[in-house]
Every structure is written in C-alpha cells, then in structure tokens.
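A.B. asks: Kindly generate the corresponding structure for this input.
(chains A and B)
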Protein chains: 2
Amino acid sequence: MTATLLQPEDVVTVENPGAAGPFLIVCEHASNAFPAPFGSLGLTEAQQLAHIAWDPGALGLARGLAARLGAPLVAARVSRLIYDLNRPPHSAGAMPARSETHDIPGNAGLTDADRLARTEAIYLPFHAALRAEIARRLARGRPPVIVTVHSFTPIWHGTPRSVEFGVIHDADPSLALATVAAARKTGLRAELNQPYSAADEVTHTLRLQASPLGLANVMLEIRNDLIASSAAQEAMAETLAPVLHQTETDQAGTAA
Amino acid sequence: MTATLLQPEDVVTVENPGAAGPFLIVCEHASNAFPAPFGSLGLTEAQQLAHIAWDPGALGLARGLAARLGAPLVAARVSRLIYDLNRPPHSAGAMPARSETHDIPGNAGLTDADRLARTEAIYLPFHAALRAEIARRLARGRPPVIVTVHSFTPIWHGTPRSVEFGVIHDADPSLALATVAAARKTGLRAELNQPYSAADEVTHTLRLQASPLGLANVMLEIRNDLIASSAAQEAMAETLAPVLHQTETDQAGTAA
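C.D. replies: From the prediction side, this is the model:
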C-alpha cells in the first residue's frame, strides 16, 4: 500500500480561493469517497453512504455559506474513515477501527507504516492547504474567522437527539456564545457544545489552525435530517449566513 | 519580485529525518543567507553578519544537540530579516523594517504582494516541513518533545546582559522549569523567560507546532559569546544534551 497514488488535489479542494469576506469555511467530513490506494476498507455500499463515512449534507451547506459570505471553502475529498481530518495522527479516532455500531475492517490492526502512509497522503496535504489559505490572508493583513461545518446523525446508539444546531468552541467561547444566541432567534434549537464538545477531541482543526494565530473560530454541527436535500442545504445556508454575518460584525465591533 | 526562484529545499533543511530519540530540534534563525529573489535588503556585509540577521552559533549548537540526542533537526536556510520564521505572517516582526538600531531598507514599505510572496516562499514551506516531521512521529505513536534553539546578543541597545542561558515556555511551563533547575547545576547562569518571554511573541513556533498537539516543548536561548566558535558550540552541546536528556526522562517519569 503506497500513498503516492493520491495527489493533494485528490484529498482537498479549495473553492473561492482568495475570496475577501471575513470568514474562511472548512469542511473536514465533506466526502464519502474511498479512493485507491486505501479503497473501501471492507465496508458495504450502505456503510459507505452512512453518516459514519462522512457528514451528510455538510458540504452543500458549507458551499451555501461560502457563497453568501464571500468566503473561501477548504473541503476534504476523502472519507473520514480513511483519515478523520479533525483528529491528529496519534489519535485512535484518526483511523478508527470502530465507528458507532460498525466495525471498520480495513482499519483493524493498522501498522505504523499504514498510519504513516495515510498521514502523509491525507492529513498533511489537507492541513497544509488550509494553513496556506489562512497564511495568505494573514500576509494581506486580513485575519479570517474560521468556521468548521459538520453534521450529526439524529439517532446515536438508538437515542434520538433533540438539538438541531450545535455550536462548539475550543479555548475561546466568545464567537460560539454569540452564534447560539443569534441562531435561537431564527427558531432553531441551538445549543452550546452539543452534541459534542472540545472534551470529545472534536476541535482539532480549530486548535491547530485558528487558536495559535489568534483567529476567532467556531465549529457548527447541524442535525443531518435538516439538510438532507440540496434545497434544504440552501435553505439552511440562507438561515445561518445572516447569523454568522451578524455575530462576526458584533464581535468585530466589540474588539475594536 | 517572484517567489518561484526559491524552492523548499532552499528555505529549510531537515537533518537526521526520522531519527528516533525523544526530541525534535528546531532552529528558525540558523542562517544569515540572503538568497534571490529577495537578496540583501540593502544591508551592508557587516549587517548581514551581525546578530540582527540570524542567531550566531545557534545552528552549530543545534546540530551538536541533535547528534547527541538522536534527534531530527529542522533548520532555516534564509535570514530572519527576509522572513522571521518565529513570527506569523501578520506580525510586523515577520519582515521587520527596523531591528535593534538598524533600519532594514528592503523591508520598508512592503506591499501586501511582497508580504504574500515571502510568506509563500519561506514561512509556509518551513512550517510545512516541520509539521510533516512531527506528524510522521505522531503516526508512529512517538510524540516528540519540541526544542527550539536560539542565541541572543550579549549587549542589547548598549546594555550588557548577565544571563547566559534563557529557557522560555509558552502555555506549559513544566519542561522549562525543569530545564532551568538542571542547567543551573552545570554552573550556567540559567533564567526562566530571559531575555525574552512569550509576551514578546517569541513562542510562535511552539504555539503553532507543539501546543496544539499536546507536545512537551521549550525554547532555549544561549548568549552568543558563549558559542562563538565550533569548539564552543560543541562544548555547549556537550553540557546541555545531558540537561535535556535528564529533564525529559524525569518529565516522562512524572507523566507515566
């Protein structure tokens, strides 16, 4: 198994590069593609379509937000089961042998060489592309606000989830708090640090890419039954873009 | 002025890649090279040799430590006055128009395009190479301890400095505290957070590369009159390698 068959452009796409709005959108779990040389990991077609393989609807929502906010979008092109880009290479969750109720055969008993190959083929180019897009903004004196876009399953281990919109922060809660407050005014059931929080190790991208550079940042989690179609993704983008725009404007005003 | 004349290998060198010891050594200010397309920035030869252009002696010491500790060494090959790799792209100090008592003509009135070109040519490849070396260690389940090696001038704005060995930390002081205590036993005048501290924005590399991944880290500053010759650099490495080895062993014991 060698990593050389995958090129960076097979792993990450940067849409609207250099767009000048205040945000930069990230979608680590955008794709359920299982390209060679890693392949399907022994999963059935149904498993490859399920939420364990990606965040259904997240890419469409992220694109809708990027278009409305004039933002670059950095999105993955490989399933999170091959490499979960929101986890560092030494996390068991980066290449999980089990996800919710499913064994992942191709991730059982990985060797150091296997983990290294996926790290070099997927993790490094994705985060290098994101770092580059951020650094280009910094060089022009316009630090972007980093927003990661995710979706979550309405039923987890058999239990329904009532939250519709989770807003998760890493070290700095300010933008997340403002986003929850603004989102509730739209009628969404919005909650802070639900259904996950930084304690679940879900803020790796924010911690790696935003916090060290002092960039405002927030992670969005939308229940995937609310963004199951292209039309629903567009409608949710239409709802959330003004929420983000307003909170960013308010925060910038507070900071100034 | 285009950035395409510089290749990554002109900007950063990785010595002992994949070395298996517990440390990874970084030397951001290793070089006083002023390569095209950026060139001498209008500086005299004397200025290009002075401490404003690089950290004299730091590379020799870093190599001596890397050899004794079985560590990879990631070192810059470009002067800090073209791009200071221990500063983010939106910091004025990344491409300073003035350093101590010297104007830097080639850094006066830089445009966004100038800053972008240096960021892409120097900052991004250096930190990508360092990130890659770290990630390869993580994939193999062996998180490295990050040590950055610097030197400082004995006289700053006309005032002599008595500290010989400064040990600087970012968020986590534990390794720095232990290093100061161990170094004092060698007879060195060692001080915590001297002659700089994180408040002076000198911990960018630690903050970017170590803290987000939970890696133990420390920044070393040696007064450059103590490492002015190859022999002195070797002697200092011979003194400091056991200090680092002992503190790492003690810390690992505490953590286990």
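A.B. asks: So which bits of the stretch 51-200 of chain A are right by chain B?
C.D. replies: Residues of the stretch 51-200 of chain A lying close to chain B (Cβ under 8 Å from any Cβ of the partner chain) are A:88-90, A:112, A:115-116, A:118-120, A:123-124, A:127-128, A:131-132, A:135-136, A:138-141, A:143. In short, each C-beta sits where N, CA and C put it, glycine included.
A.B. asks: Pull out the buried members of the residues you listed.
C.D. replies: Buried members of these, counted by 16 or more other Cβ atoms under 10 Å in any protein chain shown: A:88-90, A:115-116, A:118-120, A:123-124, A:127-128, A:131-132, A:135-136, A:138-140, A:143.
A.B. asks: Out of these, list just those in helices.
C.D. replies: If you go by DSSP state H, these have A:115, A:116, A:118, A:124, A:127, A:128, A:131, A:132, A:135, A:136, A:138, A:139 in helices.
A.B. asks: Save these as CSV, and put in distance to residue A:102 and pLDDT too.
C.D. replies: Below are these laid out as CSV (distance: Cβ to Cβ, whole Å; pLDDT from 0 to 100):
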residue, distance to residue A:102, pLDDT
A:115, 20, 97
A:116, 25, 96
A:118, 19, 97
A:124, 27, 97
A:127, 26, 98
A:128, 30, 97
A:131, 32, 97
A:132, 34, 97
A:135, 38, 96
A:136, 39, 95
A:138, 40, 96
A:139, 43, 95
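A.B. asks: could I get those residues as a markdown table with distance to residue B:154?
C.D. replies: Formatted as a markdown table, those follow (distance: Cβ to Cβ, whole Å):
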| residue | distance to residue B:154 |
| --- | --- |
| A:115 | 46 |
| A:116 | 44 |
| A:118 | 48 |
| A:124 | 40 |
| A:127 | 40 |
| A:128 | 39 |
| A:131 | 36 |
| A:132 | 39 |
| A:135 | 34 |
| A:136 | 39 |
| A:138 | 34 |
| A:139 | 34 |
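A.B. asks: Show me which residues of stretch A:180-199 are buried.
C.D. replies: For stretch A:180-199, by 16+ other Cβ under 10 Å, it's A:180, A:182, A:183, A:188, A:190, A:191, A:193, A:194, A:195, A:196, A:197, A:198.
A.B. asks: Span of it from start to end?
C.D. replies: Start-to-end span of stretch A:180-199 (Cα to Cα, to the nearest Å) is 19 Å.
A.B. asks: Just the residues contacting it, thanks.
C.D. replies: A:152, A:156, A:161-171, A:173, A:176-177, A:179, A:202, A:207, A:221, A:239-240, A:243, A:246-247 (Cβ atoms under 8 Å, 6 or more residues apart in numbering or on different chains).
A.B. asks: how far out from the middle of the chain is that stretch?
C.D. replies: Offset of stretch A:180-199 from its chain centre (Cα atoms, centre = their mean, to the nearest Å): 16 Å.
A.B. asks: remind me, longest helix of chain A?
C.D. replies: helix A:230-255.
A.B. asks: and that helix, what does it pack onto?
C.D. replies: Secondary-structure packing of helix A:230-255 (3 or more Cβ pairs under 8 Å, 6 or more residues apart in numbering or on different chains; DSSP states H and E): helix A:58-69, helix A:174-184.
A.B. asks: The first one vs helix A:230-255, what angle?
C.D. replies: Just to be clear, that refers to helix A:58-69. For helix A:58-69 against helix A:230-255, the angle by axes from the mean of the first three to the mean of the last three Cα atoms, to 10 degrees is 50 degrees.
A.B. asks: before we move on, what about the last one?
C.D. replies: Helix A:174-184 runs at 130 degrees relative to helix A:230-255, counting by the same axes, to 10 degrees.
A.B. asks: wait, what's in contact with residue A:133?
C.D. replies: Taking Cβ under 8 Å, 6+ apart as the criterion, residue A:133 is in contact with A:14, A:17, A:24, A:72, A:74.
A.B. asks: ok, back up a step: I'd like the helices and strands packed on helix A:230-255 as TSV, with distance to residue A:233 appended.
C.D. replies: Below are these laid out as TSV (distance: least, Cβ to Cβ, whole Å):
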stretch	distance to residue A:233
helix A:58-69	3
helix A:174-184	16
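A.B. asks: Which of the ones you listed has the highest mean neighbour count?
C.D. replies: helix A:58-69 (a mean of 24; mean count of other Cβ atoms under 10 Å in any protein chain shown).
A.B. asks: tell me what that one is packed against?
C.D. replies: Under the contact definition 3+ Cβ pairs under 8 Å, 6+ apart, helix A:58-69 sits against strand A:23-27, strand A:73-76, strand A:145-152, helix A:230-255.
A.B. asks: Would you tell me what the next helix or strand after the third one is?
C.D. replies: Tracing the chain C-terminally past strand A:145-152 and defining elements by DSSP states H and E, one meets strand A:155-156 next.
A.B. asks: Which strands and helices lie in contact with that following strand?
C.D. replies: Of the remaining helices and strands, none touches strand A:155-156 by 3+ Cβ pairs under 8 Å, 6+ apart.
A.B. asks: what lines up beside it in the sheet?
C.D. replies: Looking at strand A:155-156 with DSSP bridges, its partner strands are strand A:159-160 (antiparallel).
A.B. asks: C-terminal to the partner strand, what's the next element?
C.D. replies: Downstream of strand A:159-160, the first helix or strand assigned by DSSP H and E is strand A:165-168.
A.B. asks: From the chain's centre, how far out is that next one? Work that out for me.
C.D. replies: The answer for strand A:165-168 is 12 Å, by Cα atoms, centre = their mean.
A.B. asks: cool, and stretch A:33-48?
C.D. replies: Remark: stretch A:33-48 is offset 20 Å from the chain centroid, using Cα atoms, centre = their mean.
A.B. asks: How about residues contacting that stretch?
C.D. replies: Residues from elsewhere that reach stretch A:33-48 (Cβ under 8 Å, 6+ apart): A:1-3, A:5-6, A:10, A:32, A:53, A:77-79, A:81-82, A:102, A:104-107, A:118, A:121.
A.B. asks: got a list of contacts for stretch A:163-173?
C.D. replies: Outside stretch A:163-173, the residues that reach it (Cβ under 8 Å, 6+ apart) are A:152, A:175-177, A:179-180, A:183, A:188-198, A:202-203, A:206-207, A:210-211, A:216-223, A:226, A:240.
A.B. asks: Narrow those to those in strands?
C.D. replies: Among the contacts of stretch A:163-173, the residues falling in strands (DSSP state E) are A:152, A:190, A:191, A:192, A:217, A:218, A:219, A:220, A:221, A:222, A:223.
A.B. asks: Give me the buried entries from these.
C.D. replies: With burial judged by 16+ other Cβ under 10 Å, the buried subset of these is A:152, A:190, A:191, A:217, A:218, A:219, A:220, A:221, A:222, A:223.
A.B. asks: Looking at those, which two lie furthest apart in space?
C.D. replies: The distance between the two most remote of these (Cβ to Cβ) is 21.5 Å, for A:217 and A:223.
A.B. asks: so where is chain A shaky, pLDDT-wise?
C.D. replies: Flagging of chain A using pLDDT under 70 yields the residue ranges A:1-4, A:255-256.
A.B. asks: Quick check, residue A:179 in contact with residue A:218.
C.D. replies: Yes: at 5.7 Å, residue A:179 counts as touching residue A:218 under the criterion of Cβ atoms under 8 Å.
A.B. asks: Contacts only, for the closest residue to residue A:102 other than its chain neighbours.
C.D. replies: Nearest residue to residue A:102 in three dimensions, chain neighbours excluded: residue A:52, at 5.5 Å (Cβ to Cβ, 6 or more residues apart in numbering or on different chains). Contacts for residue A:52 (Cβ under 8 Å, 6+ apart) come out as A:81, A:99, A:100, A:102.
A.B. asks: Counting neighbours, which of these end up buried?
C.D. replies: A:81, A:99.
A.B. asks: Take the contacts of residue A:52 and keep only those in strands.
C.D. replies: Per DSSP E, the subset of these in strands is A:99, A:102.
A.B. asks: okay if I get the contacts of residue A:52 as TSV plus distance to residue B:63?
C.D. replies: Converted to TSV, those look like this (distance: Cβ to Cβ, whole Å):
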residue	distance to residue B:63
A:81	42
A:99	45
A:100	49
A:102	49
